[in-house]
Every structure is written in C-alpha cells, then in structure tokens.
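J.: Provided below for reference: sequence and predicted model.
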Amino acid sequence: MLKFLIYIFLSLLLVSPDETEKKCRDRSRPISTENRDSYELVDAILHQNLTLQCHYCNENDDSQPKNWYKIDKVGLGEAREVQLSMENEMELNRIWINTDHSLNINNFSETDTGLYYCREFEQPEIDEKYNYLVDLVFERNVTELESGNLTDWAKYHEDHFTPINKLFAESEGKEFVHLREHLKVSLEAISHWDPWGMCEVCGRANGEGVRKKRGRCRIKLTRTSRENTTTNPDELFFLNANEVSCRSMKLGKMFPGMSNLTKIVPDFIQQEKCEGTCNPDAEGVNKGWKVGKTKGFKYRKTFVLPEKSHLTLVCPESTLENTVTWRKRGKALVPGDSGNPHLVVDTFNTLYLLDVTESEEGNYTCQVDDIRMQQVTVHVFSKSRLLTQELVRHLNYLGFVLSLTIPCYCAGLIVTWSRRRNFKSYEELLKENPEEDEFEGLL
C-alpha cells in the first residue's frame with residue numbers, strides 16, 4: 001500500500017497540469033532544402049501537456065480561420081482532421097484548440113504521435129510550415145544537461161557525437177549494417193538548435209546579461225538510395241522521416257542497441273553574453289506583476305523609527321538599466337533633489353531617510369519600469385513621546401501593584417491595633433525569660 005501511495009505521489013509530481021510544453025516554428029530558422037524543413041521534430045513524453053502553435057515564434061496569430069490535420073504514420077495513410085474533444089466544460093477536454101488556433105493535447109499518449117500541421121480554410125495551398133512531427137521519447141533525467149559557450153560545445157560534440165558517428169559509418173554490428181545496407185539510410189548525430197531565448201539581465205551587472213539556446217540531440221536520417229521497397233511501418237518511418245530524437249522510443253523498439261548509445265546523450269545549453277533592459281515580467285521573475293494586473297505590490301515592509309534615526313531603502317530586483325521610480329504618498333521623488341534634506345535618492349536609485357522627523361512618516365513605493373515592486377510603510381515616533389509612553393505604562397504597572405499591597409498593609413495595621421492588648425509587654429517577657437536580662441547587662 002505504501003509503495004502504491006508513493007507511486008501516485010511521484011506521478012502527480014512528474015505530471016503537473018501546469019507544466020505545458022509549447023512548440024512553435026522559428027521564422028528566421030536556417031533552411032537548407034525543402035525536404036529538411038518539412039517539419040519541426042517535437043519530443044513528447046507520456047502524460048505531459050503539449051501545445052503546438054499555428055504561428056511563428058514570438059508572433060501573434062493573424063485571426064484567419066484555420067484547422068489542424070494529422071497523419072498517424074509518416075509514409076502511410078492520408079491526412080485527416082484532428083478529432084477534438086467536445087466536452088461542455090473546457091477543463092474536461094483532452095484535445096482542443098484555443099483562440100489563437102494553437103492545438104493543445106493534455107495527458108499525451110502513444111496514440112497522439114504523428115505528423116501534425118495547420119492550414120487556413122480559405123487558402124489551403126499556402127504552406128506556412130506550421131508542421132510538427134510529434135514522437136514519443138524516453139523520459140530525461142533533469143540533471144542530464146551540459147552548458148557553456150561554443151568552445152565547450154565543440155568539446156561536447158567531440159566527446160558525445162564523434163564516437164557515435166564513427167559507429168554509424170563503420171560499425172559491423174547487426175543494427176548498423178541493417179540500416180546502411182538494407183534500408184539504405186545513413187545516420188549522423190547532430191545538435192538541433194532551438195531559437196535564442198531572451199536576454200536575461202535582471203539582477204546582473206551591466207554588460208553581464210545572458211541569453212541561451214538549447215541544442216537537442218538528434219539523429220539526421222539521409223536516404224542513400226530509392227530502391228528500398230520495405231512495407232514495415234516502423235522501417236518506413238525511418239525512410240520518410242528527416243530526423244529522430246536520440247531518445248526516440250521508435251528507435252529503441254527497432255534498434256535497442258543503438259538506442260542505448262544515443263538516449264543517454266545530454267542536450268547542450270549554449271550561453272553567450274548580451275545587452276538589454278531588465279524586464280522581470282518577461283523573464284518570469286515577476287510574472288503577473290505589471291501595472292493593471294494587480295492592485296498591490298510584490299513586496300511589503302513596515303518600519304517603526306525613532307526621531308533622528310536613518311533608513312536606507314533599495315528597490316528589489318532592479319538594476320541600473322531599469323527605470324526605478326520612488327514615490328512618497330504618490331508624489332515622485334526626483335534623484336538628486338535637495339529640496340528635502342531628510343529624503344535623498346541617489347543616482348543608483350537608492351532612497352535614504354536621514355535624521356527622520358514626523359514629517360517623513362508615510363507610505364513609500366518603488367516601481368521598476370512598469371512593475372509595482374515594493375511598498376514601505378514608515379512610522380516615526382519622537383523620543384520624548386516614547387519616554388512619556390513608557391513612563392505612563394510603568395506607572396500603570398506600579399499603581400496596579402500598590403493597589404494590591406496597600407490595602408493588605410492597612411488591614412494588617414488595623415488588625416494589630418485591635419489586638420494590641422493580647423501582646424505581652426517587655427517586662428513580662430523578661431520575667432518569663434530571665435536569662436535575657438543577663439545578656440542585656442553584658443551589653
């Protein structure tokens with residue numbers, strides 16, 4: 001039972017409905033031949049959510065009516081319209097199209113593999129290359145990634161691809177010979193590069209921005225002859241596809257020995273320096289904190305200061321490349337303005353409260369570009385006021401103690417006075433204790 005619960009827990013962690021893989025075509029991608037550019041290869045794992053966009057990356061949909069088609073097996077069968085789910089409640093649909101004509105597939109299964117493409121209704125002959133070959137792959141260990149610059153990638157290529165490509169070309173193993181001599185297909189391990197990501201500069205020094213792109217491990221397939229007449233559907237896939245993932249399950253099914261060599265090859269993340277302006281929302285640092293999306297601020301703080309004290313405030317998640325605006329009670333504070341010696345904003349967008357008085361009390365806010373970042377509430381108390389309040393508080397404590405002890409003391413005096421005749425005199429005590437008199441004489 002415990003193992004079953006652990007399995008369910010891990011499944012929920014690995015398959016989160018919020019983790020959706022989005023794919024698009026890059027308009028500026030290098031195109032060698034029409035054959036090489038016929039589709040974008042998409043790696044999909046079981047139970048993930050997948051979105052295929054019907055427009056180029058970083059562009060908006062043109063709002064023209066479109067439809068999605070699918071070929072289940074590359075090289076076999078005709079294209080057919082994608083069968084969409086028709087549930088009344090959107091969250092119950094597994095396959096659906098959103099307002100920008102992107103195809104969404106939730107809880108991906110093996111039956112969802114195939115070649116997908118979208119076309120306009122009115123001009124179906126125009127091929128905008130929104131084609132995706134979706135293949136099922138083995139899951140990747142998230143730690144299996146290497147990164148660096150082009151020099152690091154050259155070493156990565158030498159370590160991982162060169163030995164495999166040598167086997168593809170020269171190995172006498174059964175699988176390698178079958179591909180080269182029977183199917184007439186040559187193979188080459190390559191890196192297929194995703195588009196560059198945005199320049200990440202938030203929280204970095206000037207000129208130290210970084211942008212990244214991912215090189216995915218692929219096996220390029222090139223037919224060396226057209227004489228092959230195989231009818232095996234899996235073999236036809238390798239004859240008609242341009243490339244497959246190094247982690248392809250089809251490759252593992254057809255050529256397990258070869259797959260064991262390629263599926264462990266990590267992807268490579270190329271990094272290079274870039275210059276840009278910090279946009280925390282676009283970088284995902286403060287997603288959703290744009291002006292108008294929320295009425296509040298991302299950070300809130302409160303300070304209680306005595307008079308004549310100092311406070312330094314730095315706006316979070318900002319750099320010198322950002323436009324930072326400090327405001328007091330809605331009024332902008334101008335950097336370098338000497339009108340109020342108690343409030344100073346320097347050229348590094350740092351706010352100083354110096355020798356504060358009660359007039360410096362209030363709300364201070366900072367805005368990074370168009371993002372409401374921080375709200376600070378400052379309360380100022382004079383020292384005399386603090387001392388007076390402390391004295392009053394302690395006097396209240398003293399009054400409470402005296403109110404308990406004085407009645408008890410007075411009651412004791414009254415009882416003692418009323419019983420004064422019951423107490424013995426000094427002479428009577430001496431008669432009862434004559435030895436005390438001797439000690440008195442000695443003294």
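T.: Received the coordinates, thanks.
J.: Quick one: mean pLDDT for the top helix by length along the chain?
T.: The longest helix of the chain (DSSP state H) is helix 383-418. Averaged over helix 383-418, pLDDT sits at 80.
J.: I'd like the next helix or strand past it.
T.: Using DSSP states H and E, the next helix or strand after helix 383-418 towards the C-terminus is helix 426-432.
J.: buried stuff in that following helix?
T.: Neighbour counts over helix 426-432 (16 or more other C-beta atoms under 10 Å) mark no residue as buried. Quick note: C-beta positions are derived from backbone N, CA and C, even for glycine.
J.: So what's the gap between it and the chain middle?
T.: Put simply, helix 426-432 sits 93 Å off its chain's centre (C-alpha atoms, centre = their mean, to the nearest Å).
J.: packing partners for it?
T.: helix 435-442 (3 or more C-beta pairs under 8 Å, 6 or more residues apart in numbering; DSSP states H and E).
J.: Report the mean per-residue pLDDT for the helix it packs on.
T.: 52.
J.: could you list every residue that touches residue 342?
T.: Contacts here follow C-beta atoms under 8 Å, 6 or more residues apart in numbering; on that basis residue 342 touches 353-357, 359-360.
J.: Next: residue 45.
T.: 108, 136-139.
J.: Format those as CSV; extra columns: secondary structure.
T.: Listed next are the contacts of residue 45 as CSV, based on DSSP: H, G, I helix; E, B strand; the rest coil:
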residue, secondary structure
108, coil
136, strand
137, strand
138, coil
139, coil
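J.: Of those, select the buried ones using a PyMOL command.
T.: Only the buried entries of these go into this PyMOL selection, using 16+ other C-beta under 10 Å:
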select buried, resi 108+136+137+138
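J.: Need the max-distance pair from the contacts of residue 45.
T.: Farthest apart among those by C-beta to C-beta are 108 and 138. That separation is 13.8 Å.
J.: mind listing the strands for the stretch 1-150 of the chain?
T.: Under the criterion DSSP state E, counting those that start in this stretch, the stretch 1-150 of the chain contains strands at 20-25, 40-44, 49-56, 66-71, 80-81, 95-97, 103-105, 114-120, 131-136, 145-148.
J.: Helices of the stretch 251-400 of the chain, start to end?
T.: Ranges of helices in the stretch 251-400 of the chain, per DSSP state H, counting those that start in this stretch, are 256-262, 383-418.
J.: for the ones you listed, which one sits closest to residue 151?
T.: Comparison of these against residue 151 by C-beta to C-beta identifies helix 256-262 as nearest, at 23.9 Å.
J.: And the longest helix of the chain, how far out from the chain middle?
T.: With C-alpha atoms, centre = their mean, you get 60 Å for helix 383-418.
J.: And that helix, what does it pack against?
T.: Secondary elements touching helix 383-418 (3+ C-beta pairs under 8 Å, 6+ apart): none.
J.: Pick the most buried one from the helices of the stretch 251-400 of the chain.
T.: helix 256-262 (a mean of 17; mean count of other C-beta atoms under 10 Å).
J.: Alpha carbons of that helix, in PDB - could you do that?
T.: Provided in PDB are the C-alpha atoms of helix 256-262 (Å, rounded to 0.1, in the frame of the first residue of the first chain):
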ATOM      1  CA  PRO A 256      17.700  -1.200 -29.000                       C
ATOM      2  CA  GLY A 257      21.500  -1.500 -29.000                       C
ATOM      3  CA  MET A 258      21.800   1.700 -31.000                       C
ATOM      4  CA  SER A 259      19.200   3.400 -28.800                       C
ATOM      5  CA  ASN A 260      21.200   2.600 -25.600                       C
ATOM      6  CA  LEU A 261      24.100   4.600 -27.000                       C
ATOM      7  CA  THR A 262      22.100   7.700 -28.100                       C
END
